[in-house]
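1. I need the structure of the sequence given here:
(chains A and B)
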Amino acid sequence: MIDISLLEQKSREIRGKLVEVSNLRHVPHLGSCLSCVDILVSLYWSILKIDPLDPYSKGSDSFILSKGHGAPALFTTLAYKGFYSVELLNDFGEEGNPFAEHPAPNCVPGVEIATGSLGHGLSFALGKALAAKIKDEPQNFFVLLGDGEINEGSVWEAAMFAPANHLDNVTAIVDFNKWQATGRSCDVMSLQSIAEKWKAFGWDTYEVDGHNMHELCEVFKKSTKSPGKPKVIIADTIKAKGVSFMEDDNNWHYRIPTAEEVLKAKQELGLITS
Amino acid sequence: MRNQFAETVTNLAQENPDIVLLSGDIGNRLFNGYKEIAPKRFYNCGIAEANMITMAAGLAHSGMRPIAYTITPFITTRCLEQIKVDVCYHNLPVVIVGTGSGLSYAELGATHHSCEDIAIMRSLPNMNVVCAADRIEVRLALQEAVKMDSPVYIRIGKKNEPDLHHNDPVFEIGKGIVLNEGEDVCLLATGNMVSCALETAKLLNQSELTAQVVSIHTVKPLDKDLLSNYFSKYKLIATIEEHNHIGGFGSAVAEYYVDSFLSVGGSSNSAKIMRFSTPDEYISHVSSQEQARQKYNLTPEYIAGKLAKTLLNL
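-> Below you'll find the model as predicted:
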């Protein structure tokens, strides 16, 4: 049984650390990071078969953060999951430190693929998923995309390839936080009916509240069990979720919080008492 | 060269269970033999080259040996970002094969010409760039490429190119193959212009001039030993390629000439270098490959005449 309240607590701690490190090390993309924390926690704590101490052992699942600018969220999640020490995050972006705004190949245990140029992660996962099919290995591949990211045409090339080749070992998650760098994602490009789009391309499509830990865990459980088709989960999220004065405010795509704002955020997250 | 590619890739797939062939919706029936022996390792990726290249990177990352194949412009410049980030940045052993390179598809129009691919591919870290001169080099290049631990771009022509090698030469990526011995001038050619270089040598012979002819199939890494030697040995070196004057094979040789000048031994660089290549423009009128070569002075007659005249003044 998954302890949902434990996962919710992990999410709060990770959000707090993200805000803290953003201030400390001037790391941007806080809004994009905070919107996908619950997705990452539900994946790493409830679904992914990945041993933090031996993440690439045979039969391990694979996760690719296609929205590479969400790297701080992934780095922080992996630290809390025990891939490496949480303290390592305090030197984020310093000379010699493995963390950068966008991940480099094999920068830390658990991150093999460099992302940051958008629209690559899904295709990369398809290649790995094909290899697993050829070798008859029962591995699952998870990819997290941003809603802005799916502006990229390559995403839709991949979206057409995967169902045609029955890649049912792939689950894509779209962090649908309704914003991209400079505008509402549904205004910049026509993203309306996002679930219908994926359905029409032949994907087994699920819609879920991307901040409801119970729903997330359930949908991942369900999605890995249906054979024949690739899966996509449209996670309805709020940009910068978890900190009231940042939520749904696109300034936090790039803004860095002040020390005072970090304090306020941590209080809201219940990590410190006022 | 296309048929040879299909035959060799089929043989490689038979020997090596890690070979996966990705095609960008071309080669109707060309790969029937391949599909018979390895149906689970052939994917028609559709007209979607960006996805094809990144999937190739993913396959290679999982230990397979992918070979991605389609028409040169679409497998190089069309998906350059994917080649740069997914293949080269991760240094994955993906073999990218472009067919109809240079002006091979002259009659199809400038959308199908590729006279910038060498320049662009060789500027990517980790990438090896190989241009096959005939079907024998296609076979040998492919056999060597799948043994590499880093990405390889192989530039091939179309079909019915003449055989230039009569026996299998020693083929090593990064090492030129001497096809003709001569002393007065050295012709360094790459890919589908090696045949032109051999014809040029014959014409020069009629004027009592002997030409060294080398197939420099690998533009990156360059055969630096050979070049260092030739830079002082020959009075005149010509580079010949079916590629833009900017950034291609001739540029690579010229760069090395300059770069090696101040290094040990380089101060004896004395050869004059002439570059034969295509100009910096698009061909918008319909023409055959032969006509296009005529227009751009990429013919044995023009090159031989030019070299003979230049030699007189050296």
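
2. show me the contacts for the residue in the stretch 101-250 of chain B positioned nearest to chain A.
-> Nearest to chain A in the stretch 101-250 of chain B, going by CB to the nearest CB, is B:N126, at a distance of 11.4 Å. The C-beta positions use only the backbone N, C-alpha and C, and glycine is treated the same way. For B:N126, the contact set (CB atoms under 8 Å, 6 or more residues apart in numbering or on different chains) comprises B:88-89, B:91, B:150-151.

3. check B:A106 too.
-> Contacts of B:A106 (CB under 8 Å, 6+ apart): B:113, B:283, B:287-289, B:291-292.

4. the residue lying closest to A:H69 once chain neighbours are set aside: how many residues sit nearby?
-> In space, and not counting its chain neighbours, A:H69 is closest to A:H29: 4.5 Å by CB to CB, 6 or more residues apart in numbering or on different chains. When neighbours are defined as other CB atoms under 10 Å in any protein chain shown, A:H29 has 23 of them.

5. on that earlier part again, the residue of the stretch 101-250 of chain B closest to chain A sits in which helix or strand?
-> Counting by DSSP states H and E, there is no helix or strand that carries B:N126.

6. around chain B, pick out the residues from chain A.
-> Residues of chain A lying close to chain B (CB under 8 Å from any CB of the partner chain) are A:105, A:112-114, A:117, A:119-120, A:123-135, A:153-154, A:157-158, A:160-161, A:164-165.

7. my guess is the residue nearest to A:H69 contacts A:P72, does it?
-> Yes: counting by CB atoms under 8 Å, A:H29 touches A:P72, with 6.8 Å between them.

8. give me the common contacts of those two.
-> In contact with both A:H29 and A:P72: A:E101, using CB under 8 Å, 6+ apart.

9. and after the longest helix along chain A, which helix or strand comes next?
-> Scanning chain A for the longest helix, with DSSP state H as the assignment, gives helix A:4-25. Per DSSP H and E, the first helix or strand lying C-terminal to helix A:4-25 is helix A:30-35.

10. output that next one as CSV, restricted to C-alpha atoms.
-> The C-alpha trace of helix A:30-35 is given here as CSV (Å, rounded to 0.1, in the frame of the first residue of the first chain):
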residue,chain,number,x,y,z
LEU,A,30,10.8,27.7,-10.5
GLY,A,31,7.2,27.8,-11.9
SER,A,32,7.9,25.0,-14.3
CYS,A,33,9.6,23.0,-11.6
LEU,A,34,6.9,23.4,-8.9
SER,A,35,4.2,22.3,-11.4
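
11. buried sites along it?
-> For helix A:30-35, the buried set under the neighbour-count rule, 16 or more other CB atoms under 10 Å in any protein chain shown, comprises A:30-35.

12. do stretch A:88-105 as well
-> In stretch A:88-105, counting by 16+ other CB under 10 Å, buried: A:88-89, A:92, A:98-100, A:102-104.

13. can you give me the strands in the chain?
-> Assuming you mean chain A. Along chain A, counting by DSSP state E, strands occupy A:62-65, A:141-146, A:170-176, A:179-180, A:183-184, A:204-209, A:231-236.

14. please go with chain B instead
-> Taking DSSP E to define them, one finds strands in chain B at B:19-23, B:42-44, B:65-71, B:95-99, B:128-131, B:152-155, B:177-180, B:185-189, B:211-215, B:218-220, B:236-244, B:272-278.

15. mind putting the ones you listed in CSV, distance to B:G58 included?
-> Shown next, in CSV, are the strands of chain B (distance: least, CB to CB, whole Å):
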stretch, distance to B:G58
strand B:19-23, 11
strand B:42-44, 12
strand B:65-71, 9
strand B:95-99, 15
strand B:128-131, 20
strand B:152-155, 18
strand B:177-180, 35
strand B:185-189, 36
strand B:211-215, 34
strand B:218-220, 24
strand B:236-244, 30
strand B:272-278, 35
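
16. can you add distance to chain A and mean pLDDT and give the ones you listed back as JSON lines?
-> JSON lines is the format used below for the strands of chain B (distance: least, CB to the nearest CB, whole Å; pLDDT from 0 to 100):
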{"stretch": "strand B:19-23", "distance to chain A": "7", "mean pLDDT": "98"}
{"stretch": "strand B:42-44", "distance to chain A": "7", "mean pLDDT": "98"}
{"stretch": "strand B:65-71", "distance to chain A": "8", "mean pLDDT": "98"}
{"stretch": "strand B:95-99", "distance to chain A": "14", "mean pLDDT": "98"}
{"stretch": "strand B:128-131", "distance to chain A": "19", "mean pLDDT": "98"}
{"stretch": "strand B:152-155", "distance to chain A": "17", "mean pLDDT": "98"}
{"stretch": "strand B:177-180", "distance to chain A": "34", "mean pLDDT": "98"}
{"stretch": "strand B:185-189", "distance to chain A": "36", "mean pLDDT": "98"}
{"stretch": "strand B:211-215", "distance to chain A": "33", "mean pLDDT": "98"}
{"stretch": "strand B:218-220", "distance to chain A": "21", "mean pLDDT": "98"}
{"stretch": "strand B:236-244", "distance to chain A": "26", "mean pLDDT": "98"}
{"stretch": "strand B:272-278", "distance to chain A": "30", "mean pLDDT": "98"}
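
17. can I get these in a markdown table with mean neighbour count and distance to B:L314?
-> What follows is those, written out as a markdown table (neighbours: other CB atoms under 10 Å in any protein chain shown; distance: least, CB to CB, whole Å):
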| stretch | mean neighbour count | distance to B:L314 |
| --- | --- | --- |
| strand B:19-23 | 24 | 49 |
| strand B:42-44 | 21 | 54 |
| strand B:65-71 | 26 | 41 |
| strand B:95-99 | 27 | 37 |
| strand B:128-131 | 28 | 28 |
| strand B:152-155 | 29 | 32 |
| strand B:177-180 | 18 | 20 |
| strand B:185-189 | 28 | 10 |
| strand B:211-215 | 24 | 14 |
| strand B:218-220 | 24 | 26 |
| strand B:236-244 | 26 | 6 |
| strand B:272-278 | 20 | 7 |
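
18. can you give the contact residues for stretch A:155-167?
-> By CB under 8 Å, 6+ apart, stretch A:155-167 touches A:119, A:122-123, A:126, A:129-130, A:133, A:145, A:149-150, A:170, A:198, A:201-203, A:228-230, B:43, B:45-46, B:48, B:50-51, B:54-55.

19. please pick the buried ones from those residues.
-> A:119, A:122-123, A:126, A:129-130, A:133, A:145, A:149-150, A:170, A:198, A:201, A:203, A:229-230, B:43, B:45, B:48, B:50-51, B:54-55.
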